[in-house]
Structure formats: structure tokens, C-alpha cells
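>>> next one to model:
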Amino acid sequence: MLSLATFSSMALQRICDPMLPELSQVFQASISEVSQVISMFAITYGLMQLFYGPVGDRFGKYRVVMLAAMMCSVGALLSALSMNLAFLVAARMGSALAAAAIIPLSLAWVGDVVNYEQRQETLARVGLGTMLGITAGQLFGGLLTDTLGWRWAFGLMALTFASVSFLLWQQLPHLEQIPPHGHARSGFFKQLQEVAHDAWARTLLTIAMLEGAMIFGLLAVTASHLHHTHHISLTLAGGTTALFGLGGMAYMAAAKSAIRRFGEVGLAKFGGLYFGIAFGVVAFCPWWQLALPSCFMAGFGFAMFHNTMQAKATQMVPTARGTGVTLFAGFLFLGQSLGVLLFATLMNHFSSAHVLGAVAMGVILLGVFFAQVIAKRNATQADHA
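As a prediction, the model looks like this:
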């Protein structure tokens, strides 16, 4: 059920990516202006993490996820009824107010009930919904925009969230009884202070913000790059970008063996490398057809990197995982909002190929850095043991 919820949340986030050129024409605004439907969603999403962390720890993470899914249905419906860009941006921000709870509190719930030795594999199974959501959002966002119209894409999301919230409600009596491994021993602001004074936590949150800016920011403008550079339809551009999610799903299916083979250090390093190489091809290859396997490979690499980040985030504040994981998500989506705004602006002044290529190189370097800090921390913990 949580995987289904994370699927819906991620689809809602990504459904506007292939819409930007169409929204630009409908509302007679620049790509930079209409990109607010993505960036303002991300900013709101990130800020709300400070609210949902302690709320989830206090009232029950699963229950909050269920209520958030109900509110997302309302927000998606309002988005479908938007008559101008300002109302659409406001409706997207309203959707983000609720959607902010779903993925981080789902991950935190897993952290509460699953031991760390099995946690990364379990997070990968929950993450299957997230990866499929990326695919569905990109694909149906482009397909419905090209055929029935962009409003139908939001209508589909409203129906999806209504169904998901009903299914979550059905399971609530069973899952509400599962006791967590631990509970918060201090207040929320005390927890924030502990995180601020922890060098490892600061490093992890910085990496999360950079990941959000580079990877998610890049993903938001990829469909527009393919559409304008290769003159392919929004359906084809969105469908090509949607293979990113399928690549992530392929990793989730192979996560158990990949975790054992590469370990956390290898997953971080090679995940960044695969992503960077793949987007280098997307940026500079003159044949758009090669973007198909490249987006798939980029998704596989992203999932290697991000799944490792998620596992580390669940241990950042072990006594209050709702707060810890939502802090992680907050920095991740703060980075995304900054990335979307920055890349949309840069693409008004530089070619999209050069923007994508530069960011791809940055992701490779981020993967190498993350691998190094994991190895150093593991060595330090081994010495203390």
C-alpha cells in the first residue's frame, strides 16, 4: 500500500515535466515562468517537511500518509480546473502541501519496523512505486497533453489519489498496530539542534540538496530538451524520459544482488557514474533514439545512488525517523526547486545540451564524493568498534 502511495506522489510531482511547452503556449508565458508549476511545488514540498516530521512521529506515519493522499486528490482536481497560470501554480502548491508527507513518512515507517540489515532491500521494494511513478508521470503527462489535453492528466491524478486513500484506509486497522523500534526522546527543535551539530548529518543533507538540484532538476527539463532539440512530440519526449523510471524499477528488481555485490560505496560511486555518462549521451548525441537506452541507464544509476541515500537517511535520527527522513526530503526538494529555476533560466541563455552536459559531469563527481564519505565513515565506525 505504501508503494502505491509513493507511486502516486511521484507521478504527481513529475506529471508537469513534459507539459511545459504546452503550458507556455496556453498561458502565453515563457518556459521559465511556467516552470513554476514544478519549482513552486518543490519549494512547498521541501518546506512542509519540517511540519510532517514531528506530526508523523506523534500521530502515526501511516495514518498521516492516508490523510495526505485524500488531500492530494483535491489538489489535483483544482489543478485540472485552473483557468490561469497563477491559479495552477497555487493549486500545485496546495497539492504539495499534502504530497510532502507521503514518500518520507513511508520511508520512515519502514525504518521503524525493519532492521537496518534488511532495510535497504525493503526500501528498494517501496521505492519500486516511486520509480514507476516517475515513469507514469512523465509518460501520461506527455500523452494526455498531446491527446485529450493537459487538464485530463490532473483529472487522472485526482482519481488515482482517491483510490489510493481508500485502499490505505482499508489497511489502517492492521498496520496501525505494528510497534516501532524506537520513539522520540526529545522535542523537535532539540532534534534539529542535534542534527545541526552532527557532521555526518550535515554532510548527508548537503549531498541530498545537491542531488535534488542536479538530478531532479535535470529530469524536469529533459523532455523540453528532447522536444526542442530533436523536434519530437511531447508524447515521445515524455515517453523517452519515462524510461528513467523503468531503469529505476530494473534496479529495484535487482537490488538484493546489487547491494551484496557492490556494497554501499560501490552503489554510490557507480550510480553517479552511470547517470552522468547516460545524460552526457542525452545532451550531445545527434540521434534522439539513443536517448531511449540512455534514460533507462540514467534511471538505473540514479536508483543505485538514491537508494543508498535513503538507507542512510533512515539512520540520521534513529529515535525520531519521521523527523530525520523528512529533513532529508526537505533538503532534497529544496535542491530540486533551486535546480529547476536555475536550469530553466540557464536554458534561456545557453543551449540545453551544454546545461545537461555540465550537470551530468557534476553528478559523476557527487557520486565519487558520496562514496568517499561512506568509506571514511565505515572505517571510523570500525575503528571505534
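>>> hang on, Met209 packs against Gly335?
Yes - if you go by CB atoms under 8 Å, Met209 and Gly335 touch, sitting 3.8 Å apart. (Glycine included, C-beta is placed from N, CA and C.)
>>> which one's more surrounded, those two?
More crowded of Met209 and Gly335, by other CB atoms under 10 Å: Gly335, with 25 against 21.
>>> so after the helix or strand harbouring the more buried one, what's the next helix or strand?
Assigned by DSSP states H and E, Gly335 belongs to helix 321-346. Once helix 321-346 ends, the next helix or strand along the chain (criterion: DSSP H and E) is helix 352-384.
>>> okay, Val113 and Leu2: tell me how far apart.
Per CB to CB, to the nearest Å, Val113 is found 11 Å from Leu2.
>>> cool, and Arg377?
Distance of Arg377 to Leu2, given as CB to CB: 28 Å.
>>> give me the more crowded residue out of Val113 and Leu2.
Leu2 (22 against 14).
>>> what's the local residue count around the closest residue in space to Ile134 that isn't next to it in sequence?
Setting aside the residues directly before and after it, Ile134 is nearest to Gly245 in space (CB to CB, 6 or more residues apart in numbering), at 3.5 Å. Residues near Gly245, counting by other CB under 10 Å, number 29.
>>> and Gly245, what does it touch?
Met131, Leu132, Gly133, Ile134, Thr135, Ala136, Gln138, Gly299 (CB atoms under 8 Å, 6 or more residues apart in numbering).
>>> and the pLDDT for the first one?
Confidence at Met131, expressed as pLDDT, is 75.
>>> give me the neighbour count for it.
30.
>>> list the buried residues for the helix holding Gly335?
321-344, 346 (16 or more other CB atoms under 10 Å).
>>> tell me the angle that helix makes with helix 352-384.
Helix 321-346 runs at 150 degrees relative to helix 352-384, counting by axes from the mean of the first three to the mean of the last three CA atoms, to 10 degrees.
>>> pLDDT on helix 321-346, on average?
78.
>>> what sits closest to Gly94 if chain neighbours are left out?
Gly75 is the one closest to Gly94 (CB to CB, 6+ apart), at 4.5 Å.
>>> residues touching the one you found, list them.
Ala91, Arg92, Gly94, Ser95, Ala96, Leu97, Ala98, Ala99 are the contacts of Gly75 under CB under 8 Å, 6+ apart.
>>> which of those count as buried?
Ala91, Arg92, Gly94, Ser95, Ala96, Leu97, Ala98, Ala99.
>>> which of these lies closest to Ala237?
Arg92 (20.7 Å; CB to CB).
>>> any idea which helix or strand carries the residue nearest to Gly94?
Using DSSP H and E, Gly75 falls in helix 61-80.
>>> angle of that helix against helix 321-346?
Using the same axes, to 10 degrees: helix 61-80 against helix 321-346 is 30 degrees.
>>> what separates the helix or strand following helix 61-80 from the chain centre, distance-wise?
Sequence order places helix 85-99 as the next helix or strand after helix 61-80, per DSSP H and E. Averaging C-alpha positions (CA atoms, centre = their mean, to the nearest Å) puts helix 85-99 17 Å from its chain's average.
>>> ditto for stretch 112-127
Using CA atoms, centre = their mean, the offset of stretch 112-127 from its chain centre is 18 Å.
>>> what's the average pLDDT for that stretch?
Here the average pLDDT along stretch 112-127 is 74.
>>> thinking again about what came up before, nearest to Arg151 among the buried ones among the contacts of Gly75?
Ala91 (11.4 Å).
>>> ok, that closest one - contacts?
Gly75, Leu78, Ser79, Leu81, Ser82.
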